[in-house]
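Sequence first, then the predicted structure:
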Amino acid sequence: MTDALAPKTAILKAPPRPSPLSAQADRSEGMSYLETLPRRLVTVYLPLSLILLMLLFPFYWMALTAIKPDDQLLNLDTYNPFWTWNPTFKHIAKLLFETSYPQWLWNTMLVAVSSTVISIAASVLAAYAIVRLRYRGAQWIGGAIFLAYLVPPSILFIPLSAVVFQYGLFDTPFALILTYPTILIPFSTWLLMGYFKTIPFELEECALIDGAGRWQILTQIVLPLAVPGLISAFIFCFTLCWNEFIYALTFLSSTQNKTVPVAIVNEFVDGDIYRWGSLMAGALVGSLPLVILYAFFVEHYVSAMTGAVKE
């Protein structure tokens, strides 16, 4: 009788569990193709090198041109175009101390910060109302706001220039401060909508039960949790204002009121003569605030953009 039950007992026995070492070996097989050096060179290092070369070479060329002497800028057959043994800071010194470049930097900073603050304030209110307040057509309004961002600025600057002239704002910083939000608010609103959706609605329900109002919920609960999204929207708006060219070229005419992108093109190009050293020095110095901004807040920018895309 014991022999008759033996097969059944064997059948009911559980299969042996795989050891942790074998399980780890199975999981590592999927990435084993990266273990050899030739494969890593082809699949990792070579693409990264090409991407870094394409991204960093324009900045290298800009910095190199800014410190090259004039004779090396004009005679590329005699001198190496990719290197210089006699760097000079003449172009940068001339830019900072012999032109109105500090005033242009101040104008650009004033316009960028003011437009960004106005746009973020309006976008926060619009995004919160669309995402959290229940009313008919909220999602359609959000889509319409994003579609407004797709309208090219080259179409809007002609009617906006007529409005700016009629209100007496032509050739003043207010012309840019009041028109830049028209292209900043739509995208910022869409970005903050995606980030606000990641905040649990139960937090607001608990606050409503405790007697908090909508303004208290927005300022004391939602905004502190949405700091990465706000930083991302701020970086986007600030960058777009800092680099904008068409509106600044159309609405500003006097030299002292110009922003950096327009001023370096208008003031350092005389007909068909391009003062490349001053041009590249102005572009190099003008790009430093954005480089510093991205260096400090790039992690928040990427996380907020990822949250917005998920939605």
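It's in.

okay, CA-based contacts and neighbour counts for the rest of this
Fine.

The most centrally placed residue in the chain and residue 116, how far apart?
Closest to where the C-alpha atoms of the chain average out (C-alpha atoms, centre = their mean) is residue 236, at 4.4 Å. Distance of residue 236 to residue 116, given as C-alpha to C-alpha, to the nearest Å: 9 Å.

now residue 150
19 Å.

next one: residue 76
43 Å.

For the two, indicate the residue with more neighbours.
residue 116 (27 against 11; other C-alpha atoms under 10 Å).

Now the more buried one: phi and psi?
Residue 116 adopts backbone torsions of phi -70, psi -40, taken as degrees, to the nearest 10.

Can we start the residue count at 57 from this point?
Understood, numbering begins at 57; the last thing we discussed is residue 172.

Now do the same contact list for it.
Counting by C-alpha atoms under 8 Å, 6 or more residues apart in numbering, residue 172 touches 237, 240, 290, 293, 294, 297.

swap the cut-off to 7 Å and go again
Residues near residue 172 by C-alpha atoms under 7 Å, 6 or more residues apart in numbering: 290, 293, 294.

can you pick the most crowded of the residues you listed?
Counting neighbours by other C-alpha under 10 Å, residue 293 leads the contacts of residue 172 with 25 neighbours.

Can you pull the poorly scored residue ranges out of this structure?
The model of the chain has pLDDT under 70 over residues 57-91, 355-367.

Go again with 50.
Within the chain, the ranges that satisfy pLDDT under 50 run 57-68, 70, 79, 81-82, 84, 364-367.

Which parts of it are strands?
Using DSSP state E, the strands of the chain run over 325-326, 329-330.

can you list contacts of the last one?
Strand 329-330 is touched from outside by residue 324, with contacts defined as C-alpha under 7 Å, 6+ apart.

can you do 10 Å?
Residues from elsewhere that reach strand 329-330 (C-alpha atoms under 10 Å, 6 or more residues apart in numbering): 321, 323, 324.

who wins for most neighbours among those?
residue 324 (18 neighbours).

What are the boundaries of the helices in the stretch 257-367 of the chain?
All helices of the stretch 257-367 of the chain, identified by DSSP state H, counting those that start in this stretch, fall at 257-265, 270-273, 279-281, 283-299, 302-307, 316-323, 332-366.

how near is the closest residue to residue 295 other than its chain neighbours to residue 317?
Of all residues not flanking residue 295 in the chain, residue 346 sits nearest, at 6.9 Å (C-alpha to C-alpha, 6 or more residues apart in numbering). According to C-alpha to C-alpha, residue 346 and residue 317 sit 13 Å apart.

Comparing the two, which residue is more hemmed in?
Set residue 346 next to residue 317 and count neighbours by other C-alpha under 10 Å: residue 317 wins out with 21 against 14.

how far away is that one from residue 119?
Distance of residue 317 to residue 119, given as C-alpha to C-alpha: 17 Å.

and if you look at residue 206?
Applying C-alpha to C-alpha, the value for residue 206 to residue 119 is 34 Å.

Next, the contact list for residue 144, please.
Neighbours of residue 144 in contact, by C-alpha under 10 Å, 6+ apart: 122, 123, 124, 125, 126.

residue contacts, the nearest residue to the third one once chain neighbours are set aside?
Counting by C-alpha to C-alpha, 6+ apart, residue 143 is the residue found nearest to residue 124 once chain neighbours are left out, at 5.4 Å. Residue 143 makes contact with 120, 121, 122, 123, 124, 125 under the criterion C-alpha under 10 Å, 6+ apart.
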